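Peer 1: model the structure of this input:
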Amino acid sequence: MSKSLSDRIRNIGIMAHIDAGKTTATERILYYSGIVHRLGDVDHGTAVMDWMPQEKERGITIQSAATTFVWKSHQINLIDTPGHVDFTAEVERSLRVLDGAVAIFCAVGGVEPQSETVWHQADKYNVPRIAFVNKMDRQGADFSRVLEMIRDMLGAKPVPVILPIGSGTGFSGIIDIIEGHAVYFDETSQGARFSIEKIPVEYRAQFSHLRDTLWETAAMLDETAMEKYFNGDLSSEEVRKLIRIGTISGQLVPVLCGAALKNIGIQQLMDAIVDWLPSPSELPSVTGLLRDGSNTEIERRIDAQFTALVFKVQNDPHLGKLAFMRVYSGMIKDGAHVLNNRTGKKERLTRLVRMHANKRNHLDRVQAGDIAAAGLKDVVTGDTLTLQTNPVVLESIVFPEPVMQMAIEPMSTSDEKKLNDALSSLANEDPSFRVGIDEESGQTLIKGMGELHLEVIADRIHREYGVSVRTGKPQVSYRESISRIATGSGEFRRSIQGRGHFGHALLRVSPAESGIEFINTLNNNELPEHFANSVERGVLGSIGAGPLAGFSLDGIKVELLEAELHATDSTETGYSYAGAMALRECLKKGKPVLREPVMKLDIICPSNYIGEVIGDVNSRRGSIISMEPRGEVQSIKARVPLAELFGYSSALRSLTQGRAGFSMQFYDYALIAENITRELLEQMGISSLHMGW
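Peer 2: Take a look at the predicted model:
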């Protein structure tokens with residue numbers, strides 16, 4: 001693809017905390033660009049981008065939705081992402097493939113918990129951002145305070161390029177700081193028309209101060225521009241170009257404002273997307289590893305051969321399995337064969353389409369910079385698609401582990417296969433959703449990021465797959481670890497089909513912060529590498545069920561200290577079994593413990609209810625991290641075990657007469673006190689006596 005063509009592409013995402021107005025802003029963008037001819041409404045379930053029945057009923061975004069529109073002769077591929085923490089995996093995979101993002105903040109709430117989460121997700125992938133302070137028409141809106149929160153809480157450098165005229169019910173328009181005029185929007189045209197007028201007298205001093213600050217900030221990005229600034233020769237057009245440089249490099253974040261529901265400020269946001277967010281050709285070339293096993297890093301320029309990353313898989317009722325992909329280099333035609341670098345198999349791209357929410361437009365080809373979807377059979381999120389010559393594997397996407405589970409079964413035994421097929425299909429779509437079996441009861445367990453996540457899954461099984469199900473109460477997905485260092489050995493000696501298999505390993509297991517780490521302390525003479533790898537496979541194959549209650553292991557370091565070799569019978573099978581046996585012995589000696597998910601809780605509460613709310617948090621084994629006044633309310637940040645938060649919404653409403661609100665997100669796994677662990681084990685019908693307590 002030529003650089004001139006890719007210069008006119010923008011791949012962007014809309015991200016924010018729940019209820020900040022992402023989907024409402026997206027609906028206005030589609031309306032002003034001419035993609036839709038009626039404004040959609042989230043509250044009435046008519047938003048184009050929230051097309052799922054569950055989204056229409058709940059008024060929230062659950063799945064990221066892609067669309068494409070044209071603005072100022074630029075093709076803009078846009079993804080509207082969820083704001084609810086239970087669906088944060090949708091944000092993660094979208095940001096992995098996007099070139100820029102619009103972060104939307106509520107003018108009243110400011111930087112809210114999920115705002116922080118998505119901001120740091122964008123930091124991880126070095127995604128340039130612009131910010132839009134929405135809901136300036138709400139009572140309590142404060143543009144300056146949101147700027148301070150972006151600076152203090154996100155560590156960014158916000159640079160206002162738009163100034164609001166009034167706030168709350170007095171919000172009437174905006175001031176363009178670069179162009180130096182006021183903009184008022186026509187209500188009869190639903191904001192499509194607007195007038196340019198002089199800046200009101202009472203705002204001129206504030207405008208002059210912000211304009212001087214903007215000019216100075218922009219000039220500091222370039223020595224030549226700095227000279228022009230001191231000479232008074234720096235033009236508004238040069239400032240626009242400098243803001244683009246600062247945005248793409250991450251040195252600053254342009255901040256706009258408006259009210260999407262009142263149709264104010266959206267066209268200026270669309271201009272900013274074109275002016276300041278990068279095209280695919282302005283970002284570094286994508287890098288990956290050659291698939292030949294050499295781990296050689298290779299760079300793929302946009303004009304190189306076809307390379308794409310699958311960032312989402314969706315089951316379409318008409319087209320079957322659709323793979324959403326970002327094309328990083330080259331071009332491919334509909335019907336061509338591509339190589340899936342995970343499976344090593346060729347597959348034909350069928351039904352190449354560009355998505356508009358749940359609608360499709362057929363494409364003859366896709367090229368570097370495009371975001372499109374295609375029919376593929378054996379594909380999962382994170383797969384790299386290339387041609388067969390010089391295949392390369394791009395960095396995949398890492399998703400958070402589920403923190404909640406519940407049992408599920410079909411209402412009719414005849415629907416068991418249909419349920420299994422539905423669960424398999426949904427797990428393929430959603431990498432943060434897992435399916436397992438309770439070894440003791442034989443029940444099917446579904447695991448997800450929260451109550452809402454699991455509720456939506458159960459609802460989709462009923463609506464989309466026609467299976468009526470019964471579900472148990474949601475349960476916390478605990479982890480198991482050890483509390484002290486332990487050593488243990490395992491020896492496997494058996495004849496299988498007439499051949500001897502031998503393996504012996506001595507392991508030391510220690511508590512760790514998180515994850516599972518395996519360290520081989522032996523050299524090749526003491527134990528050949530392929531046998532050491534077999535021990536590791538045996539260890540990793542045994543971490544799915546701990547000794548206390550069968551929960552997955554987490555937070556342990558495993559070291560291979562010694563191993564014996566047999567003259568004739570040493571086999572990889574033997575050392576794999578020996579590693580598993582040694583691990584089990586270590587876990588029993590290491591005084592096993594339970595770890596539980598702890599949530600970061602953000603509560604907005606009227607000041608006169610602070611005592612009751614804090615007391616309730618403490619009674620739930622929680623700890624208060626900080627308190628911050630926000631006008632007439634207080635923002636309370638706390639950390640509380642997930643097990644103590646079931647039904648918290650009702651409890652908080654009762655404590656505050658319905659005047660407080662909260663949001664929560666996963667923080668970390670933490671050790672559970674021994675007395676509480678005993679109670680949990682007793683509730684599960686498990687005795688802790690045989691665990692050496």
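
Peer 1: may I have the phi/psi pair for Met404?
Peer 2: Backbone torsions of Met404, given as degrees, to the nearest 10, read phi -140, psi 150.

Peer 1: which residue ranges form the strands in the stretch 401-550 of the chain?
Peer 2: Listed from the start of the chain, the stretch 401-550 of the chain has strands (DSSP state E, counting those that start in this stretch) covering 404-410, 434-437, 444-448, 469-471, 475-476, 479-482, 486-496, 499-511, 516-520.

Peer 1: repeat for the stretch 101-250 of the chain
Peer 2: Applying DSSP E, counting those that start in this stretch to the stretch 101-250 of the chain gives strands spanning 129-134, 158-160, 162-165, 173-176, 181-185, 194-197.

Peer 1: deepest-packed of those, please.
Peer 2: The highest mean neighbour count among those, using mean count of other Cβ atoms under 10 Å, belongs to strand 129-134: a mean of 27. Any C-beta I mention is one placed from the backbone N, CA and C, and that applies to glycine too.

Peer 1: for that strand, name the packing helices and strands.
Peer 2: With contacts defined as 3 or more Cβ pairs under 8 Å, 6 or more residues apart in numbering; DSSP states H and E, strand 129-134 has these neighbours: helix 22-32, strand 100-106, helix 143-154, strand 253-257, helix 266-276.

Peer 1: what are the phi and psi values for the closest residue to Gly166 other than its chain neighbours?
Peer 2: Among residues not flanking Gly166 along the chain, Ser172 sits closest, at 5.3 Å (Cβ to Cβ, 6 or more residues apart in numbering). Listed backbone geometry of Ser172 is phi -130, psi -20, with angles given as degrees, to the nearest 10.

Peer 1: who touches stretch 491-499?
Peer 2: Taking contacts as Cβ atoms under 8 Å, 6 or more residues apart in numbering, the residues outside stretch 491-499 that touch it are 500-504, 564, 569, 571, 573-575, 577-578, 581.

Peer 1: now find how far off-centre that stretch is within its chain.
Peer 2: In terms of Cα atoms, centre = their mean, to the nearest Å, the gap separating the centre of stretch 491-499 from the centre of its chain is 47 Å.

Peer 1: what is the rounded mean pLDDT of it?
Peer 2: Across stretch 491-499, the average pLDDT comes to 88.

Peer 1: got the CA coordinates for that stretch in CSV?
Peer 2: This file holds the C-alpha atoms of stretch 491-499, laid out as CSV (Å, rounded to 0.1, in the frame of the first residue of the first chain):
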residue,chain,number,x,y,z
GLU,A,491,10.2,-41.3,41.2
PHE,A,492,8.4,-43.0,38.4
ARG,A,493,9.4,-46.6,37.4
ARG,A,494,7.0,-48.6,35.3
SER,A,495,6.9,-50.9,32.3
ILE,A,496,4.4,-49.7,29.7
GLN,A,497,3.7,-52.0,26.7
GLY,A,498,6.9,-53.9,27.3
ARG,A,499,9.2,-50.8,27.6
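
Peer 1: okay, buried residues for it please.
Peer 2: Within stretch 491-499, the residues that qualify as buried are Phe492, counting by 16 or more other Cβ atoms under 10 Å.

Peer 1: determine the longest strand present in this protein.
Peer 2: What stands out as the longest strand in the chain, according to DSSP state E, is strand 592-606.

Peer 1: circling back to that earlier point, drop anything exposed from the contacts of stretch 491-499.
Peer 2: Neighbour-count burial (16+ other Cβ under 10 Å) is assigned, among the contacts of stretch 491-499, to His501, Phe502, Gly503, His504, Thr571, Thr573, Gly574, Tyr575, Tyr577, Ala578, Met581.

Peer 1: quickly name whichever of those is closest to His530.
Peer 2: Tyr575 (8.8 Å; Cβ to Cβ).

Peer 1: in this protein, what helix or strand scores lowest on average pLDDT?
Peer 2: Comparing every helix and strand of the chain by mean pLDDT, DSSP states H and E singles out helix 53-58 as the least confident one, with a mean of 56.

Peer 1: so, low pLDDT: which residues of the stretch 1-150 of the chain?
Peer 2: Screening the stretch 1-150 of the chain residue by residue with the criterion pLDDT under 70, one finds the ranges 1-5, 37, 39-64, 82-88.

Peer 1: go again with 50.
Peer 2: Residue ranges of the stretch 1-150 of the chain with pLDDT under 50: 1-2, 43-44.

Peer 1: the closest residue to Leu154 other than its chain neighbours: neighbour count?
Peer 2: Of all residues not flanking Leu154 in the chain, Trp119 sits nearest, at 5.1 Å (Cβ to Cβ, 6+ apart). For Trp119, the neighbour count with other Cβ atoms under 10 Å is 24.

Peer 1: over to Met404?
Peer 2: Applying other Cβ under 10 Å, we find 23 other residues in the vicinity of Met404.

Peer 1: got a list of what it touches?
Peer 2: Counting by Cβ under 8 Å, 6+ apart, the residues that Met404 touches are 447-451, 453-454, 474-477, 597, 642.

Peer 1: and what of Val253?
Peer 2: Contacts for Val253 were tallied using Cβ under 8 Å, 6+ apart; they are Ala103, Arg129, Ile130, Ala131, Ile150, Ala156, Lys157, Pro158, Val159, Thr247.

Peer 1: Val36 contacts Ile29, doesn't it?
Peer 2: No - with contact defined as Cβ atoms under 8 Å, Val36 and Ile29 do not form a contacting pair (9.7 Å).

Peer 1: follow-up on the earlier one: and the helix or strand just after the longest strand of the chain, what's buried?
Peer 2: Secondary structure here is assigned by DSSP states H and E; on that basis, the next helix or strand after strand 592-606 toward the C-terminus is helix 610-619. Of the residues in helix 610-619, Ile610, Val613, Ile614, Asp616, Val617 count as buried by neighbour count, 16+ other Cβ under 10 Å.

Peer 1: quick one, helix 610-619 and strand 592-606 angle?
Peer 2: Between the axis of helix 610-619 and that of strand 592-606 there is an angle of 170 degrees, by axes from the mean of the first three to the mean of the last three Cα atoms, to 10 degrees.

Peer 1: relative to Glu90, how far out is Leu352?
Peer 2: 23 Å (Cβ to Cβ, to the nearest Å).

Peer 1: from Phe646, how far out is Leu680?
Peer 2: The span separating Leu680 from Phe646 equals 14 Å under the rule Cβ to Cβ.

Peer 1: the two: who's more crowded?
Peer 2: Higher neighbour count among Leu680 and Phe646: Leu680, with 19 against 15, using other Cβ under 10 Å.

Peer 1: please, which helix or strand holds the more buried one?
Peer 2: Here Leu680 sits within helix 674-683, counting by DSSP H and E.

Peer 1: pLDDT of that helix, averaged?
Peer 2: Helix 674-683 comes out at a mean pLDDT of 84.

Peer 1: can you name every helix or strand that that helix contacts?
Peer 2: Using 3+ Cβ pairs under 8 Å, 6+ apart as the contact criterion, the elements in contact with helix 674-683 are strand 592-606.

Peer 1: now do the buried residues in the strand it packs on.
Peer 2: Within strand 592-606, the residues that qualify as buried are 592-605, counting by 16+ other Cβ under 10 Å.

Peer 1: same for it, what does it pack against?
Peer 2: Using 3+ Cβ pairs under 8 Å, 6+ apart, strand 592-606 is in contact with strand 479-482, helix 610-619, strand 633-641, helix 648-656, strand 661-671, helix 674-683.

Peer 1: switch to 6 Å and redo it
Peer 2: Strand 592-606 is packed against strand 479-482, strand 633-641, strand 661-671, with contacts defined by 3 or more Cβ pairs under 6 Å, 6 or more residues apart in numbering; DSSP states H and E.
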